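Asker: okay, sequence plus prediction incoming.
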Amino acid sequence: MRNFLAFIGATVVVFLGLGWYLGWYQVTSQSAGPGQSRLQVDINRDKISQDIKRGAEGVQEAFEKARQTNGNPPADPAKSGANLTPPTTEPERPRSHQSATAQNRELIRTILLDGWLAPERK
């Protein structure tokens with residue numbers, strides 16, 4: 001519960017600071033008589049709606065740009081490095097005509113027989 005309240009407090013502080021920085025509101029102090037002061041808050045609704053629309057459009061453009069770059073292959077593969085393969089230290093072995101399941105079983109059998117997972121011998 002304490003973490004949730006801290007999150008709410010941080011959100012309020014960030015919202016107030018961001019709003020002040022972006023000019024969403026202005027707080028002014030005026031004297032209202034002897035020993036009294038008056039705070040006036042002016043909220044600029046048009047500025048808030050413009051900034052929110054601009055931010056939403058920016059997020060939408062970023063999503064569309066990401067979708068386009070992920071969906072389409074790069075125009076020049078040499079520039080993007082998409083066709084680069086890492087160097088291999090051992091030569092490629094010819095694949096047998098076994099299925100992937102049989103190859104996995106053979107690999108597991110080899111690991112168990114080599115003693116990698118067996119208890120240590122004394």
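Answerer: Done, it's in.
Asker: tell me where the model's unsure across the chain.
Answerer: 71-98, 111-122 (pLDDT under 70).
Asker: what's the longest helix belonging to the chain packed up against?
Answerer: Ranked by residue count and defined by DSSP state H, the top helix of the chain is helix 45-71. Applying 3 or more CB pairs under 8 Å, 6 or more residues apart in numbering; DSSP states H and E, one finds that helix 45-71 makes contact with helix 2-22. Just so you know, the C-beta spots here come from the backbone N, C-alpha and C atoms, and that holds for glycine as well.
Asker: list the buried residues of the longest helix of the chain.
Answerer: For helix 45-71, the neighbour count (16 or more other CB atoms under 10 Å) marks residue 51 as buried.
Asker: give me the angle between that helix and helix 2-22.
Answerer: Here the directions of helix 45-71 and helix 2-22 differ by 110 degrees (axes from the mean of the first three to the mean of the last three CA atoms, to 10 degrees).
Asker: how many neighbours does residue 24 have?
Answerer: Number of residues near residue 24 (other CB atoms under 10 Å) recorded here: 20.
Asker: for it, grab phi and psi.
Answerer: Torsion angles at residue 24 (phi, psi; degrees, to the nearest 10) stand at phi -70, psi -30.
Asker: with residue 34 instead?
Answerer: The phi/psi pair for residue 34 (degrees, to the nearest 10) is phi -70, psi 120.
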